[in-house]
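> Test case, fold it:
(one chain, ligands or ions: 1)
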Amino acid sequence: MAAVSKLLADLPGILSASLDKYPKTVQDLKKPRILARLLITFAVLNALRKFKTNRDSMLNPLFRSEQAITNRYFHPLSHIPSTPNIVSIADKDAVREILVTSDFPKSEIHEGLELYNQHNLFSSRNKDFHKNRRRLVAPAFGLQYLRSLEPVMHDCIHVLIRKIDEILEDPRSVKKGTKILPKGQINVCSFMNRLSLDIIGETAFGQSFQMVRDDSHPIPRQMAKTLKRSMQQTFNPWMRWFLPLDYSFLRFGAERVKVRREAGEQGKRADLLQFLIDAQANERANGNGETGNEYEDMIAGKLTDRAVETEAIVFLIAGSETSSTAMTNTLMYLVKNPRTLNRLVRELDQATANNPIGALPTYDQVRNLPYLTACINESMRLRPVAATGLPREVTEDTVMGGYNIPKGTIVLANIPSLHWNKEYFPRPTEFIPERWIPDESAFPLIQDFTFYPFSAGTRNCVGKNFAMMEMRLILATILTTYDIEYVPYQRDDYVQFITTALATESYIIKMSKRL
Ligand code: HEM
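Sure, this is the predicted structure:
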């Protein structure tokens, strides 16, 4: 202790000595000393605060004071070792082993998505918890239940069509402060993002964010900022000292659940939130509800009130940018490949030929269209949402692809490399939807376990059916309502924080109403 206090006392001198190499005046000499003192005070205060939060969360695993929610000084990755222990794997058999056969648990990095310091379906590494929670939540994404969401999705898509029409008519009718594009041009990246937020808002919280209409709801923006910053902090831990994370968007989830509960029988509607509330009520009625021991309830995956709020927020995080990026990418590949675009439009026109004017394509009309599915698959092959791969932790010494992998190693199922491997996908960088249609493909049949846009095994995407339904409905509507065309000279590179998105958050295409 004495040595530490001596070091602290000497530090300003040590720091300022290096800064003072060429002091000019007495004032110049003092400045670095003051700065050094300030920095040390700041560091000590933060260390104390971090220690306290750490201690609190160790004493109570469900530590959930307002401070823990809104200002997480303790980050689960703060003790990650600095030596690299990650192996990136793109061999199809090894990837299958990681995700399916051995079903290795998710890596520590996923804990960055723990909310209220509790496990949730996406973040948890605890297999028992995950099994129990997934059993409760998965039926919400069954095809039967999803069908009841079609009218909600249609309502949101109608708003999109109205908004696009408005902008095509008058390009200045965008939100104040947004760049006004030349007449006939639409930023589809922005609209796909806003539409998927509205849909998940409606289905997971019973309320659209009205992002398509107004683009001004604070919650999506605040959430995106926090998650982005959280990922930046994972790789640059020093940022935690200066930029605390703002988790106040969690309150939105809590408020929406409260509103729904208070509305009682009359407020019931068929959506994901109602499913969670009903599942909780069923568990309680069957005597399988919470025991009152918060920690045990969490590990057992019980649907506590907090769990209902958290899972709804998880749907918002996992189910918005993912679908919107996949749709933007598909539109981007289509405008760059007019022959493919024409063929898809023909398929959609045929499927919806009997629709009255203005009616949107229905799920029944689009769910089995081979070319539409092929185009979506091909775009997710070229640009998988998990662009940096899926990290898993090896729980015992193992041999994979002839290599010894010691316990504790992070194995990264490198999905993009797998998808771009010419052994599995000839002419891998080209957008060729025909490769997904066995009768038409010029290539050998696509092998099993080479395509993982939604991952695989126990941790595969629970929202896959939801996403496919949403993407089919939206793409079919856009392509049967508008002619679309490529706009040259724009960036289309992408970045990944939690999921993948276009770096510029913009992709512009020409649109005109079809006659
Ligand atoms: C095109 C759209 C989507 C893609 C490509 C996608 C992809 C993925 C992938 C690759 C994973 C595994 C992540 C990992 O192992 O680290 C995953 C998990 C998950 N996704 Fe999706 N997703 C999409 C849409 C959705 C939607 C719409 C929802 C919800 C409404 C959703 C909810 C989830 C959840 C809750 C998990 C965690 C499942 C578990 O661990 O049991 N996703 N998704």
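
> contacts, neighbours, all on C-alpha from now
Noted.

> Get me the contact residues on the stretch 101-250 of the chain for the ligand.
121, 122, 134 (Cα under 6 Å from any ligand atom).

> now do 5 Å
residue 122 (Cα under 5 Å from any ligand atom).

> just the helices in the stretch 101-250 of the chain please.
127-137, 143-147, 150-169, 188-205, 218-235, 249-262 (DSSP state H, counting those that start in this stretch).

> Same check on the stretch 301-450 of the chain?
With DSSP H, counting those that start in this stretch as the criterion, the stretch 301-450 of the chain has helices spanning 305-318, 321-336, 338-351, 363-366, 370-382, 415-419.

> Serialize those helices to a markdown table and add fields for mean pLDDT and distance to the ligand.
What follows is the helices of the stretch 301-450 of the chain, written out as a markdown table (pLDDT from 0 to 100; distance: least, Cα to the nearest ligand atom, whole Å):
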| stretch | mean pLDDT | distance to the ligand |
| --- | --- | --- |
| helix 305-318 | 93 | 4 |
| helix 321-336 | 97 | 4 |
| helix 338-351 | 98 | 19 |
| helix 363-366 | 97 | 16 |
| helix 370-382 | 98 | 7 |
| helix 415-419 | 94 | 9 |
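
> Need the winner for burial among the helices of the stretch 101-250 of the chain.
Most buried of those by mean neighbour count (mean count of other Cα atoms under 10 Å) is helix 188-205; its value is a mean of 25.

> Dump that one to CSV, keeping only the CA atoms.
Output of helix 188-205 as CSV, limited to C-alpha atoms (Å, rounded to 0.1, in the frame of the first residue of the first chain):
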residue,chain,number,x,y,z
VAL,A,188,-33.5,2.5,-49.7
CYS,A,189,-31.0,1.8,-47.0
SER,A,190,-32.6,4.4,-44.7
PHE,A,191,-36.1,3.2,-45.6
MET,A,192,-35.4,-0.5,-45.1
ASN,A,193,-33.9,0.4,-41.7
ARG,A,194,-36.8,2.5,-40.7
LEU,A,195,-39.4,0.0,-41.9
SER,A,196,-37.9,-2.9,-40.1
LEU,A,197,-37.8,-0.8,-36.9
ASP,A,198,-41.5,0.0,-37.4
ILE,A,199,-42.4,-3.6,-37.9
ILE,A,200,-40.5,-4.8,-34.9
GLY,A,201,-41.9,-1.9,-32.9
GLU,A,202,-45.4,-3.0,-33.8
THR,A,203,-44.8,-6.7,-33.3
ALA,A,204,-42.6,-6.6,-30.2
PHE,A,205,-44.1,-3.6,-28.4
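
> Reformat the helices of the stretch 301-450 of the chain as JSON lines; add mean neighbour count and distance to residue 511.
Shown next, in JSON lines, are the helices of the stretch 301-450 of the chain (neighbours: other Cα atoms under 10 Å; distance: least, Cα to Cα, whole Å):
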{"stretch": "helix 305-318", "mean neighbour count": "22", "distance to residue 511": "29"}
{"stretch": "helix 321-336", "mean neighbour count": "23", "distance to residue 511": "11"}
{"stretch": "helix 338-351", "mean neighbour count": "17", "distance to residue 511": "13"}
{"stretch": "helix 363-366", "mean neighbour count": "16", "distance to residue 511": "22"}
{"stretch": "helix 370-382", "mean neighbour count": "21", "distance to residue 511": "19"}
{"stretch": "helix 415-419", "mean neighbour count": "23", "distance to residue 511": "31"}
